[in-house]
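>>> one predicted model, sequence on top.
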Amino acid sequence: MPMLPLLISCSGSPSRVIQLPPGVTELTKPIEIAPGSAGVTVRGDNSTLRLAAGFQGKAAIVIRAASRIVLEGFVIDGNRDRQDLRLDMPPPETPFADHFPANGVLADSVEKLTIRNVRFQNVASFPVLITRSRRIEIERVAIERSGSRNAKGRNNTTGGILFEEGVAGFAVRDSTFLDVLGNGVWTHSRATSPRNSTGVISGNRFARIGRDAIQAGHATRVRVTANEGSLIGFPPDAVDIENLAVPVAIDTAGNVDQSVYTDNRFTEINGKCIDLDGFHHGRVSGNTCRNTRSDAEYPHGHYGIVFNNTNTEMRSEAVVVEDNTIDGARYGGLFLIGAGHIVRRNRFLNVNRARCGSVPAPSACRYKPEEPDLLRAGIYLGSGAERPDPARDNRIEHNVVTGFGAAGRCIAAAPGVSLEANRTAFNKCGE
């Protein structure tokens, strides 16, 4: 086997280029770029770094407290079947970087990192895990067959690219994600940590993702645009249903504001199209989600777009939802709470594929008998979600709603919520 330096250091000038040898190099421990290093490029020549069966360490490549690092033109093979990982998610007080071993690249407290034209395959944990870092550019990477399961055999979030603990200035562009058990691209931070900020997730392609294709978690100023995907929430047996982790094409968590989800296209979603849990003062526009198979093939099917307010530091306010197409949601097209939202020119087509409201009621519809319209209305004005926050002072205009029962239940309100407290005009509804 070729021998590589397991500690790379370059603290002065000129910059240093590390040329990986051709062929497969097996690693029993990480290649580390030493703290204080600056201006290091690791470049491949038909090169593969493969984790050995007895690999011990956090990642194939570990970078800590370094700057101006470039990784390009090689393959990292995580040898997933030989790692034998069955890990649950970490407790809330523990960063993911401290919990999961056998990652592809781990960057901690790094200033300016570029990863391009790198292929990650068979990685048991995260192909790329970035924590407490700034100015991260990831472009034209390919991630395939990655992620592991928890003790119950469900996905444990791993398999994609994760930014956590206040990463600032990041981008993931023009990359592909295939057969990822957990999330494709996402941000996450503990509630006590800085939010991730100023990010772009654009032009990526996703297929067969077990959890979320994209998630903006505890973040500000994130732009999610021009991504495409199919088969989100597949395979169904990987869905982490015990933790209520319904798959989502574009998900939100924590406190997220000043962000935009626009011009994304997804098909075959075994879950929700867009979840706006914690999203406020932002825009959701021009997105399309379509399901074309029978409803039975989406066992975790849900609403098209869902508002929520789990995080106590935010209120559901001032979101523009416009020009989106949701075609084939199991339940309604939009679940809305909060105030000051604009919902206009959306097309909620073929909603209520579960046929809630029919007699006898299908088992999928037996959720809240005290709110009979909750799962069967095209647009539902809720009284709250995790916390009370009735829909009020919202503009709901020029939307189209079709589907089972939509002619009679186009826009409905929860008990105690007033339709008159919202402006509804020029909406078209029919079967």
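Cool, got the structure. Numbering: from 1, shown residues only.

>>> shaky segments in the stretch 101-250 of the chain?
For the stretch 101-250 of the chain, no stretch has pLDDT under 70.

>>> make it 90
190-192 (pLDDT under 90).

>>> show me the helices in it, by range?
With DSSP state H, counting those that start in this stretch as the criterion, the stretch 101-250 of the chain has no helices.

>>> so what pLDDT did residue 362 get?
The model reports residue 362 with a pLDDT of 85.

>>> got a list of what it touches?
For residue 362, the contact set (Cβ atoms under 8 Å, 6 or more residues apart in numbering) comprises 354-356. Just so you know, the C-beta spots here come from the backbone N, C-alpha and C atoms, and that holds for glycine as well.

>>> cool, residue 423 as well?
394-397.

>>> now with 7 Å?
395-396 (Cβ atoms under 7 Å, 6 or more residues apart in numbering).

>>> again, but for residue 417
Per Cβ under 7 Å, 6+ apart, neighbours of residue 417: 381-383, 390-391.

>>> distance of it relative to residue 47?
60 Å (Cβ to Cβ, to the nearest Å).

>>> go on, residue 130?
From residue 130 to residue 47 the distance is 22 Å (Cβ to Cβ).

>>> more crowded one of those two?
residue 130 (27 against 20; other Cβ atoms under 10 Å).

>>> and the more buried one, what does it touch?
Taking Cβ under 7 Å, 6+ apart as the test, what residue 130 contacts is 107, 136, 163, 167.

>>> do residue 261 as well
By Cβ under 7 Å, 6+ apart, the residues touching residue 261 are 224, 250, 274, 284, 287.

>>> again, 6 Å this time
Applying Cβ atoms under 6 Å, 6 or more residues apart in numbering, we find residue 261 in contact with 224, 250, 284.

>>> also residue 221?
By Cβ under 6 Å, 6+ apart, the neighbours of residue 221 are 197-198, 258.

>>> one more: residue 240?
154-155.

>>> from residue 246, how far off is it?
9 Å.

>>> next: residue 259.
21 Å.

>>> and residue 159, by the same measure?
The value you get for residue 159 to residue 246, if Cβ to Cβ is used, is 17 Å.

>>> compare those two (neighbour count), which wins?
Comparing residue 159 with residue 246 by other Cβ under 10 Å, the one with more neighbours is residue 159, at 31 against 21.

>>> I'd guessed the more buried one sits against residue 178; true?
No: Residue 159 lies out of contact with residue 178 (Cβ atoms under 6 Å); the separation is 10.3 Å.

>>> low-scoring stretches of the stretch 301-431 of the chain, by residue?
359-370, 407-408, 430-431.

>>> do a quick rundown of the strands in it.
305-308, 319-322, 325-327, 334-336, 342-344, 347-351, 379-381, 395-397, 400-403, 411-413, 423-425, 428-430 (DSSP state E, counting those that start in this stretch).
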